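>>> build me a model:
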Amino acid sequence: RQATLTQKLQIHDFGLVLDDLLGLPLSSQPQLDEGTSAAPLALPSREECLRIAQDRSPEIRSAQQAVIKAKAGLAAAKDAYIPDVTGLARYSYQSGVPLLVHNFGTFGFSLSYDVFDGGRRNAEIKDSRTLLSEAELSLAKIKDELTVQVETAYDKVEQFESMVGVADEALGVREEAARLADRQFEQNIVLASAREETHAKAAFAKATFLEATLGLSMAQAELKRTIGQIPQ
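Numbers count the residues shown, from 1 in each chain. Next up, the predicted model:
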């Protein structure tokens, strides 16, 4: 009786919390439909979940853009060693010197290079390489953290799938035992107390199965949220 009273109080407390989360009046009393179970979500494979999570992660996209920007900065710093080259061409006409042709063309190029600025350029290249290394490390760290989150969420789903399977088997055994106890009670083979105990065990097995099913649904939803298929 004490256990039953404790469970009734817990059900009442959980009902209030559920009403508050759903925005229902606190006086409402939602009833659990034991005849239906949550349909399992269609989940991708573990490798596909990792790929989807990386493709949809805003943190990874931001880190990738930082790496691209750092690479561009390093390339620009290296370009400072390339001298400025300017080409030129000109067409001329002269009539003052009879021995030379009247129409002639000239072409050439000019080169500009700062010889005494190597120290600054080396420092800029070194700084750019440091920024690139930091950006690549940050990207790798974010990918590793996301991989851990996806792997953990997927492991939790597989754990609850196993728990649901075991709870379902136990429920079948307990319900069959309760059915046999009913027949034995009708034939005066067992006492009413034994029959009630068998039904209590079946009810407990049912509650365990529902709890495992709920845990599986929540684990699947958490995995979907981790890989970005459900908004945060």
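>>> by contact count, what packs against the helix or strand encompassing residue 165?
Secondary structure from DSSP states H and E places residue 165 in helix 118-186. On a contact count with 3 or more CB pairs under 8 Å, 6 or more residues apart in numbering; DSSP states H and E, helix 118-186 meets helix 46-56, helix 58-79, helix 192-226. In this view, the C-beta of every residue, glycine as well, is placed from N, C-alpha and C.
>>> separation between residue 164 and residue 173?
15 Å (CB to CB, to the nearest Å).
>>> should've said residue 57
On the measure of CB to CB, residue 57 and residue 173 end up 45 Å apart.
>>> settle it for me: which of these two has more neighbours?
Higher neighbour count among residue 57 and residue 173: residue 57, with 20 against 12, using other CB atoms under 10 Å.
>>> wait, the more buried one touches residue 228, no?
Yes - if you go by CB atoms under 8 Å, residue 57 and residue 228 touch, sitting 6.7 Å apart.
>>> give me the common contacts of the two.
Taking CB atoms under 8 Å, 6 or more residues apart in numbering as the criterion, residue 57 and residue 228 do not both touch any residue.
>>> distance check, residue 89 against residue 103.
Distance from residue 89 to residue 103, by CB to CB: 14 Å.
>>> so who does the residue of the chain positioned farthest from its centre touch?
No residue in the chain has its C-alpha farther from the mean C-alpha position than residue 98, which lies at 84.3 Å (CA atoms, centre = their mean). By CB under 8 Å, 6+ apart, no residues touch residue 98.
>>> how far does stretch 73-83 sit from the chain's center?
38 Å (CA atoms, centre = their mean, to the nearest Å).
>>> could you export that stretch as PDB, CA atoms only?
Extracted in PDB, the C-alpha atoms of stretch 73-83 (Å, rounded to 0.1, in the frame of the first residue of the first chain):
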ATOM      1  CA  GLY A  73      46.000  35.400 -45.900                       C
ATOM      2  CA  LEU A  74      49.000  33.100 -46.200                       C
ATOM      3  CA  ALA A  75      48.900  33.300 -50.000                       C
ATOM      4  CA  ALA A  76      48.700  37.100 -49.900                       C
ATOM      5  CA  ALA A  77      51.700  37.200 -47.600                       C
ATOM      6  CA  LYS A  78      53.700  35.000 -49.900                       C
ATOM      7  CA  ASP A  79      52.700  37.100 -52.900                       C
ATOM      8  CA  ALA A  80      54.700  40.000 -51.300                       C
ATOM      9  CA  TYR A  81      57.900  38.300 -52.600                       C
ATOM     10  CA  ILE A  82      56.700  38.500 -56.200                       C
ATOM     11  CA  PRO A  83      58.200  41.600 -57.800                       C
END
